[in-house]
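Trainee: sequence unknown, structure follows:
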């Protein structure tokens, strides 16, 4: 987070120097060039404000996860204090029956397992948040030259979502990928290949306008075929391992906004690339110890 603040301060200093340079050189350049430089400075300031807002959202997300981590640490402290009490009881076997001592030992073992589980869960959550932050920053940097309205990158439900409008990827009613789409998918695939510990889910989404052609029955077909086109491109042209990818279609049934307007339908026609932990590791992480605590 200190690195993010440092980058933000450096950017603000650069912008201020740029504006100062504009003032100094006003008399040396034509009015047209001066106006262009003013516009460029204003655009830089707007981009800086946008980046700062995005950074604040990420910081808020991290703060929330830190609060969760603090709660888990408090549970750990509780288990430690309970362990200490049980150890004290166990040390005085002269007043504890053999069966009682065995029960305490089992309780200690169960508490130790719970303690290990909480430690592992806390560590995994912190690592996942750090990976998500790096992914978002790298994706935004890599896709910076594309229109913001066509690509949206966010962390939602603990995973990274890259939502791409279908007008950037496909022709209307088609699942054939455009040349421009290959450039976008190539940049995303490069970052995905740098994180082989993660899996990819590609989902196709449509609006509610019915479609029926010789090769597609309805929007279910269209959404699935678009998702498989993206997955196939990632595998064949950009060497993403197929075992890491899943393709699926959601048809018109998970809209982001209303389908009552042309603008809303355009937003709902999208393909989402979801970057998430490997499912087997994820379920192992969530599986709690099965040892029972006996009184």
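Mentor: Thanks, I have it. Just so it is clear, the model here is predicted, and its values are computed rather than measured.
Trainee: C-alpha from now on. contacts and neighbour counts both.
Mentor: Will do.
Trainee: how much space between residue 181 and residue 64?
Mentor: Remark: distance between residue 181 and residue 64 (CA to CA, to the nearest Å) = 35 Å.
Trainee: what do you get for residue 75?
Mentor: Residue 75 is 17 Å from residue 64, by CA to CA.
Trainee: equivalent analysis for residue 162, please.
Mentor: Residue 162 is 22 Å from residue 64, by CA to CA.
Trainee: more neighbours, those two?
Mentor: residue 162 (19 against 12; other CA atoms under 10 Å).
Trainee: in the sheet, who's paired with that one?
Mentor: Beta-bridge partners of residue 162, counted by DSSP bridges, are residue 153, residue 273.
Trainee: I'd guessed it sits against residue 152; true?
Mentor: Yes - counting by CA atoms under 8 Å, residue 162 does reach residue 152; the two are 5.8 Å apart.
Trainee: okay, now the unreliable bits of this structure?
Mentor: Counting by pLDDT under 70, the chain has low-confidence residues at 1-29, 90-101, 116-130, 147-148, 279-295.
Trainee: what about residue 267, neighbour count?
Mentor: Quick note: residue 267 (other CA under 10 Å) scores 23 neighbours.
Trainee: begin at 2 from here
Mentor: Okay, using 2 as the starting number, the last item reads as residue 268.
Trainee: that one reaches residue 164, doesn't it?
Mentor: No - taking contacts as CA under 8 Å, residue 268 lies outside contact range of residue 164: 9.9 Å.
Trainee: do a quick rundown of the strands in the stretch 152-296 of the chain.
Mentor: 152-157, 160-166, 199-206, 246-250, 271-278 (DSSP state E, counting those that start in this stretch).
Trainee: who wins for proximity to residue 110 among those?
Mentor: strand 271-278 (30.0 Å; CA to CA).
Trainee: chain center to the closest one: distance?
Mentor: 9 Å (CA atoms, centre = their mean, to the nearest Å).
Trainee: then stretch 184-195?
Mentor: With CA atoms, centre = their mean, you get 15 Å for stretch 184-195.
Trainee: list the residues that contact residue 236.
Mentor: Each residue near residue 236 by CA atoms under 8 Å, 6 or more residues apart in numbering is listed here: 242, 243.
Trainee: and the closest residue to residue 175 other than its chain neighbours, how many residues sit next to it?
Mentor: Residue nearest to residue 175 in three dimensions, not counting chain neighbours: residue 223, with 7.6 Å by CA to CA, 6 or more residues apart in numbering. The number of residues packed near residue 223 is 23, by other CA under 10 Å.
Trainee: you'd agree residue 223 is up against residue 176?
Mentor: Yes - using CA under 8 Å, residue 223 is in contact with residue 176, at 7.0 Å.
Trainee: give the closest residue to residue 256 in space, chain neighbours not counted.
Mentor: residue 269 (5.3 Å).
Trainee: before we move on, back to that, gap between the residue nearest to residue 175 and residue 206?
Mentor: 9 Å.
Trainee: residue 43 now?
Mentor: For residue 43 relative to residue 206 (CA to CA), the value is 36 Å.
Trainee: try residue 261
Mentor: 16 Å.
Trainee: these two: which is more packed in?
Mentor: Comparing residue 261 with residue 206 by other CA under 10 Å, the one with more neighbours is residue 206, at 29 against 10.
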